[in-house]
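S.K.: Build me a model:
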Amino acid sequence: MAGLDFTIDVREPERRQILVSLEFERTDAIDEGGELVLFLPTWTPGSYLIREYSRHLARVEATDASDGTRLACRKVAKNRFALEPGPATRRLRVAYTVYAHDLSVRTADLTDEHAYWNHACVLLWPTGRTEIEARITILAPAGWEVACSLPGRSPDGRRAGPALFHAPVGGSPVTLCARSLDHAVDSPCLVAAFHRLEWQVEGVPHGLALDGLRTVAPPARLADDLTAIVRAAAAVFGGPLPYERYLFLCLFAAEGHGGLEHAESTTLLASRAAWKSDKGYREFLSLAAHELFHAWNVKRMRPVEFWRYDYENENYSALLWLVEGWTAYYDDLLCQRAGLVPAEDYLAAVARNIATMRNAPGRFRLSLAESSFDAWIRLYRPDENTRNSSQNYYGNGAIAAMCLDLLLRRSSDGASCLDDVLRDLFRRSYGAGRGYTLADVHAAVESVLGPDGVRALDAWTSGTFDPDLADLLGAFGVRLSAKDAERPHLGITFDAGKTTIASVQADAPAHRAGLAPGDEILALQDLRVDSERWQEVFQAVAAIGAPLEVLLARRGAILRRTAVPEPGPGTPVLEVDPKADPRQVALREGWLRPTPPAS
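M.R.: Numbering: from 1, shown residues only. You can find the predicted model right below:
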C-alpha cells in the first residue's frame, strides 16, 4: 500500500521512551544517489524556535522489511539519516526511540498516566515527500484511549468520519490517517484514561480531553462557555466554522500555562488548580479563545512565508504582530463578547497590558515588525536585556490591534471595526488559496479606513511604538490614568524570591548607577534587605531625587553604588468616564457590548 506506515508504541511508560517504527515502499522515497534520506523536523509551527527534536532520538536502525536484513543507516546531519537499501530491497523498515519526558504543548511526554506528543518530534519523514500520506498505528496500555483530530481508519481500510476520540486501544490498536506531513504535525495526540466532553456547535463536533485533573472536577459550564467563545470567534470572520471538527487537548499539572494552535485542535497546558478561582478560570478561557482564534488567523489565513513550511530551518516573517498580536487582542475580547468577562474586568486586563508595554523600553529600539522577524533569536530566547532591546509582539501587537480597532470605530462612528479588516484579509488571501503579504494587510485596512488607516498601522508597526492611548480611549469614554505615579523608582526586577537583579531597565536610575543583572542587593542606606522586606525598606529610605546608597554583591565582590530614584510610571488604570457624552457612550457600548447568542 502506498504511503508511510508508522507504529507508535507507548506500552512501556516507565521507560519514558516512545518506540517508533516506520515502513514504506522504496518508491515512496526519493533516491539521492543510492541513498534514501529521512529527516525529523527541528521546530513546530506556532513556536518560533529551533527545538532540535533529534536530540531525543536514540539509534536509528534500518532493515529490509521483507527479510530483516540490516541496512546501512548513517546520520548525515543533525536531524537527517541516510539509508542504503540493497538492489533487491523494495520495502524498508526503520526503528528508533524518542525520549519523552517534557510536559509542554510542543514536545513529548510519557508517564504511567498518559502519553502526549506533537508529531514533529516523533515522525521521521522522507525528504522531498512531505505530501505523501501516512497511517499512524498507536499501541497503548489497556484502558487508555486516543484523542486526536486526525481521522481514524475503519476496519475496511477507509478513513472514518470526523471523530475526535478513538476507541479504547487495550490490545487492539488504533490507526490514524494523515494526508501529509503538514497534516500530521498539525495534529498532536493524547493517549490516556482522560475525562472527555463532547458537544456540537453549528452542527460541527467539538470535544475536550481533560488529562491530569485527578480529583479536580471540571466546571459544569465549561462546554457552554467554550461554545459561546466559538460563536464569538466565528462572528468575527463570518461564514461557517472553517473546520470539520475541533478538539481541545487539555494537560493539567501543578503549574504551567501555555497553548499551541492547530487547524482542528489545540493543546492547552494549565494548573489543575486554575479553575478554583474566577481569575484562574477566566485566564483558562482566554487561553482557549486565543488558540481557537488561530484556527482562522495563522492556521488558514497566514503570511506568505508560512504558506509552505520548511520544517528544518527558521521560517522568518515580519508579521507576527498580526499573527500573534491581533490574536492576543481578540482572546480577552472574545471572552468579553461572549458575556464571560465583565467590561470592567476586560479594561483591567488591557491596563495590565499597557503597564507591561510601558515598562519595556525596547519598543523605542526595535519595531514590532523587526521584533517579529527576530522572534527566533529574541522572544523565544529571552535574557536580562530582552525588554531593553526588542518588544513583545504578543502584548504590544495586541495594543496595536486595539488602537487600530478604536481608530476604525471612531472614524466610522461605530459602523466599522477590526473585524471588517480581518474578513477582507481572510477573503483576499486564504479565500484565494494563498498566503498574505504586508501589501495585502494594507489593502484590507485601506478598504475599511482609507490611507489614514494604513499610515497609522505602519507607524505603529514599523517605527517606535508609543501610541496616544489616552486620546484613542478617551473617544470611547474610557479614562487612562496612573496609580502611584509619584513613588520612587529604580527600574529593576528581581529573580523570584530573591534580591538578585533579573533585569535593569535602560536609562532608568539603576542603569545610570551602574547596577547590572546578576547583582545581589544586600542593603539600602546600610539597612539589610531581603526579598520579603525589600518594599518595606525601599519605601522607607528612598526619595525622589535623593542619592540612595546601595550595597551589593557582584561575582563574589562587595560593591557600593549610588542611585538617584526618580518618579515611576505608576500602574495604568482604565476607568469608564461617568461624564462621557452620548457619542462616547455609543462607541464604547459598540466596542464592549457582548455579542448576542446565535438563535
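
S.K.: contacts, neighbours, all on C-alpha from now
M.R.: Noted.

S.K.: can you pull out the strands in the stretch 351-500 of the chain?
M.R.: Here the stretch 351-500 of the chain has its strands, by DSSP state E, counting those that start in this stretch, at 478-483, 488-489, 492-494.

S.K.: quick one, which of those strands is packed in tightest?
M.R.: strand 488-489 (a mean of 22; mean count of other CA atoms under 10 Å).

S.K.: That strand: partners in the sheet, and parallel or antiparallel?
M.R.: Using DSSP bridges, the strands paired with strand 488-489 are strand 566-567 (antiparallel).

S.K.: Low-confidence bits of the protein, can you list those?
M.R.: 1, 154-162, 168-171, 595-599 (pLDDT under 70).

S.K.: before we move on, back to that, could I get the strands of the stretch 351-500 of the chain as TSV with distance to Tyr96?
M.R.: Shown next, in TSV, are these (distance: least, CA to CA, whole Å):
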stretch	distance to Tyr96
strand 478-483	58
strand 488-489	56
strand 492-494	44
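
S.K.: Can you tell me which of those is nearest to Leu110?
M.R.: Distance to Leu110, taken as CA to CA, is lowest for strand 492-494 among the strands of the stretch 351-500 of the chain, at 34.5 Å.

S.K.: Okay, and Trp591 sits in which element?
M.R.: helix 582-592 (DSSP states H and E).

S.K.: can you dump the C-alpha coordinates of that helix into PDB?
M.R.: Extracted C-alpha coordinates of helix 582-592, given in PDB (Å, rounded to 0.1, in the frame of the first residue of the first chain):
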ATOM      1  CA  PRO A 582     -23.800  60.200  24.200                       C
ATOM      2  CA  ARG A 583     -21.400  59.600  21.200                       C
ATOM      3  CA  GLN A 584     -18.600  58.300  23.500                       C
ATOM      4  CA  VAL A 585     -21.100  56.000  25.300                       C
ATOM      5  CA  ALA A 586     -22.400  54.700  22.000                       C
ATOM      6  CA  LEU A 587     -18.800  54.000  20.700                       C
ATOM      7  CA  ARG A 588     -17.900  52.300  24.000                       C
ATOM      8  CA  GLU A 589     -21.000  50.100  24.000                       C
ATOM      9  CA  GLY A 590     -20.400  49.100  20.400                       C
ATOM     10  CA  TRP A 591     -16.800  48.100  21.400                       C
ATOM     11  CA  LEU A 592     -17.600  46.300  24.600                       C
END
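
S.K.: Contacts made by it with the rest, please.
M.R.: For helix 582-592, the external contacting residues (CA atoms under 8 Å, 6 or more residues apart in numbering) are 333, 336-337, 343, 409-410, 413-414, 474-478.

S.K.: among the residues you listed, which ones are buried?
M.R.: Leu333, Gln336, Arg337, Ala343, Arg409, Arg410, Gly414, Gly474, Ala475, Phe476, Gly477, Val478 (16 or more other CA atoms under 10 Å).

S.K.: coming back round to it: buried sites along the helix holding Trp591?
M.R.: Gln584, Val585, Ala586, Leu587, Arg588, Gly590, Trp591, Leu592.

S.K.: quick one, that helix and strand 478-483 angle?
M.R.: With axes from the mean of the first three to the mean of the last three CA atoms, to 10 degrees defining the directions, helix 582-592 sits at 80 degrees from strand 478-483.

S.K.: distance between helix 582-592 and the chain's centre?
M.R.: 32 Å (CA atoms, centre = their mean, to the nearest Å).

S.K.: got it, and stretch 205-215?
M.R.: Stretch 205-215 sits 20 Å away from the centroid of its parent chain (CA atoms, centre = their mean).
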